[in-house]
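In: A predicted structure for the sequence below; I have some questions about it.
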Amino acid sequence: MSFSHDMDDEYEKLFRRVNPPRVVIDNEACNNATVISVDSANKYGILLEVVQVLTDLNLIITKAYISSDGVWFMDVFNVTDQDGNKITDEGILDYILKSLGPESCFISPMRSVGVKPSTDDTAIELTGSDRPGLLSEVCAVLTHLKCNVVSAEVWTHNTRAASVMHVTDEETGRAITDPERLSRIKELLCNVLKGSNKSSGAKTVVSHEATHTERRLHQMMFAARDYDRADDDALDEKQRPNVNVLNWSDKDYSVVTIRSKDRPKLLFDTVCTLTDMQYVVFHANIDAQGPEAYQEYYIRHIDGSPVNSDAERQRVIQCLEAAIERRVSEGLKLELCTTDRVGLLSDVTRIFRENSLTVTRAEVTTKAGKAVNTFYVRDASGYPVDSKTIDSIRHAIGQTILKVKGSPEESKPVTRESSTRFLFGGLFKSRSFVNFGLVRSYS
């Protein structure tokens, strides 16, 4: 099996060297976007590779045309920066050429920004059922085991939770390599994820391998079946993205159409999910120039067949809906930028909790000794966040280091209690070590 895989890999490298990809970047063809054309030998997953490179550079894809029938892949992207301007930075343009052009034949497939082998930290992947105070318990265990979280991203959706955390040894600041200690970390975190119901869906993976965090989060949530909806989710049907799947029998394609509110990384999320579900995109048309995004994909399963049953059609629809919803951040956006220190995350979230705020989503990063964190918060009762509450929080944390994006009044009220908000909802409220396996319960 390994020999066969190596032979396939070598053949692919040879084919790409004989038929090197061609990338053309044009800043004149379009008035309001940079046009990037990619012609390359076709292979499974190539569309995701290209979209991932552009997305990791924080570029906005406003339009795209994809065609990959046969052995050749041809794609055209209209892209802008975050401010809607053309791409003129020579460093970014050079990186695109090197990552997608002829030189990419000699570069490892794990070439994306944010995907780099590193011995500086240890990656911990957590999957389980969402519940109040889960992240609080996870952080407490890591603190007890003298692990420092240098970055983390957590997604919750439809009662499931998934997280990729990068941790270092508190004393050395390096990756944790001792097998016994890693085994202990894995055991205790798994106990936390299982909780009192001993859920069989809980999973902890510890590794030093390079990974693309957002790709892994999609895969982890998909494996946890977060696309399975509870019966009471029918109330939210009007808020879901509009996803349809029809068969074009003349060409043996299934046509997937998606209409949803546009947001950054939307194209990556849908292409990632189709790829992980083992569908091949033969043609596609993407238009995201307004507040609504339209995506149209002509797909077949990797075995060459279109979607051939109503059950499969429903599964494709549910999985794409879930992929779009996972990253949606509800609530008021707060950005924290300050010098990093031990206990900073604990202090900030405690202040949120003391002011009756629930964190619905967060990204925790550390760059050059600076903590750069983003939080989305709501009032725990479901009402819009009061401006006086925000003033109180900024006074406690620091007016200059905590910035508010938007106004409190823009945070819409929550109509009903959602179990998908539990992960951050009980942050640092629970201090019980019974569930950690650190203290035995005699009750």
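Out: Thanks, I have the structure now.

In: In contact with the residue sitting nearest the centre point of the chain: list those residues for me.
Out: What sits nearest the mean C-alpha location of the chain, by C-alpha atoms, centre = their mean, is residue 214, with 3.1 Å. Contacts were defined as C-beta atoms under 8 Å, 6 or more residues apart in numbering; by that measure residue 214 touches 153, 265, 268, 272. From N, CA and C alone the C-beta is placed, and that goes for glycine too.

In: Distance of the closest residue to residue 277 other than its chain neighbours relative to residue 273?
Out: Once flanking residues are discounted, residue 277 sits nearest to residue 319: 6.1 Å by C-beta to C-beta, 6 or more residues apart in numbering. Distance, residue 319 to residue 273, by C-beta to C-beta, to the nearest Å: 6 Å.

In: Overlap of the contact sets of these two?
Out: Between them, residue 319 and residue 273 share the contacting residues residue 222, judged by C-beta under 8 Å, 6+ apart.

In: how about the strands in the stretch 51-200 of the chain?
Out: Secondary structure of the stretch 51-200 of the chain (DSSP state E, counting those that start in this stretch): strands located at 60-67, 72-80, 122-129, 147-157, 160-169.

In: Now mean pLDDT, distance to residue 103 and mean neighbour count too, for these, in JSON lines please.
Out: Output for the strands of the stretch 51-200 of the chain, formatted as JSON lines (pLDDT from 0 to 100; distance: least, C-beta to C-beta, whole Å; neighbours: other C-beta atoms under 10 Å):
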{"stretch": "strand 60-67", "mean pLDDT": "95", "distance to residue 103": "22", "mean neighbour count": "20"}
{"stretch": "strand 72-80", "mean pLDDT": "93", "distance to residue 103": "17", "mean neighbour count": "19"}
{"stretch": "strand 122-129", "mean pLDDT": "92", "distance to residue 103": "28", "mean neighbour count": "22"}
{"stretch": "strand 147-157", "mean pLDDT": "87", "distance to residue 103": "29", "mean neighbour count": "20"}
{"stretch": "strand 160-169", "mean pLDDT": "90", "distance to residue 103": "28", "mean neighbour count": "23"}
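
In: Show me the one of these that comes nearest residue 49.
Out: Residue 49 lies closest to strand 72-80 among the strands of the stretch 51-200 of the chain, at 10.0 Å (C-beta to C-beta).

In: And that closest one, what does it pack against?
Out: Counting contacts by 3 or more C-beta pairs under 8 Å, 6 or more residues apart in numbering; DSSP states H and E, strand 72-80 packs against strand 34-41, helix 46-56, strand 60-67.

In: Tell me which of the ones you listed is the most buried.
Out: Of all the helices and strands packed on strand 72-80, helix 46-56 has the most neighbours on average by mean count of other C-beta atoms under 10 Å, namely a mean of 22.

In: now that one and strand 60-67, what's the angle there?
Out: Helix 46-56 and strand 60-67 are oriented at 170 degrees to each other (axes from the mean of the first three to the mean of the last three C-alpha atoms, to 10 degrees).

In: and stretch 317-331, average pLDDT?
Out: The pLDDT scores in stretch 317-331 average 89.

In: What are the contacting residues of that stretch?
Out: Contacts of stretch 317-331 (C-beta under 8 Å, 6+ apart): 155, 157-158, 217-218, 221-222, 226-229, 240-241, 243-245, 256, 258, 260, 263, 265-266, 269-270, 272-274, 277, 358, 360-361, 376-378, 385, 411-412, 414.

In: Just the ones of those residues in helices?
Out: Using DSSP state H, 217-218, 221-222, 266, 269-270, 272-274 are the members of the contacts of stretch 317-331 that sit in helices.

In: and residue 265, how far is that from residue 241?
Out: Taken as C-beta to C-beta, the span from residue 265 to residue 241 is 14 Å.

In: So which of the two has more stuff around it?
Out: Using other C-beta atoms under 10 Å as the criterion, residue 265 and residue 241 rank with residue 241 on top: 20 against 16.

In: how's the chain carved up into domains?
Out: What the record gives for the chain is the domain set 1-115, 117-271+291-328, 332-413, from automatic domain parsing.

In: These into TSV, with extra columns for distance to residue 285?
Out: Below are the domains of the chain laid out as TSV (distance: least, C-beta to C-beta, whole Å):
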stretch	distance to residue 285
domain 1-115	6
domain 117-271+291-328	5
domain 332-413	30
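
In: Which helix or which strand is home to residue 383?
Out: Using DSSP states H and E, residue 383 falls within no helix or strand.

In: For it, give me the pLDDT.
Out: For residue 383, pLDDT reads 76.

In: hang on, the earlier thing: quick check: buried residues in the host helix or strand of the residue nearest to residue 277?
Out: Using DSSP H and E, residue 319 maps to helix 310-326. By neighbour count with 16 or more other C-beta atoms under 10 Å, helix 310-326 contains the buried residues 312-313, 315-326.

In: Also stretch 83-103?
Out: Neighbour-count burial for stretch 83-103 flags 86-87, 92-93, 95-97, 99-101 (criterion: 16+ other C-beta under 10 Å).

In: what's the offset of that stretch from the middle of its chain?
Out: Centre-to-centre, stretch 83-103 and its host chain are 23 Å apart (C-alpha atoms, centre = their mean, to the nearest Å).

In: now stretch 300-319
Out: With C-alpha atoms, centre = their mean, you get 23 Å for stretch 300-319.

In: coming back round to it: columns distance to residue 125 on top of the helices and strands packed on strand 72-80, output as a markdown table?
Out: Supplementary listing: the helices and strands packed on strand 72-80 in a markdown table, determined by distance: least, C-beta to C-beta, whole Å:
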| stretch | distance to residue 125 |
| --- | --- |
| strand 34-41 | 31 |
| helix 46-56 | 19 |
| strand 60-67 | 28 |
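
In: Tell me which of those approaches residue 143 most closely.
Out: Of all the helices and strands packed on strand 72-80, helix 46-56 sits nearest to residue 143, with 30.7 Å by C-beta to C-beta.
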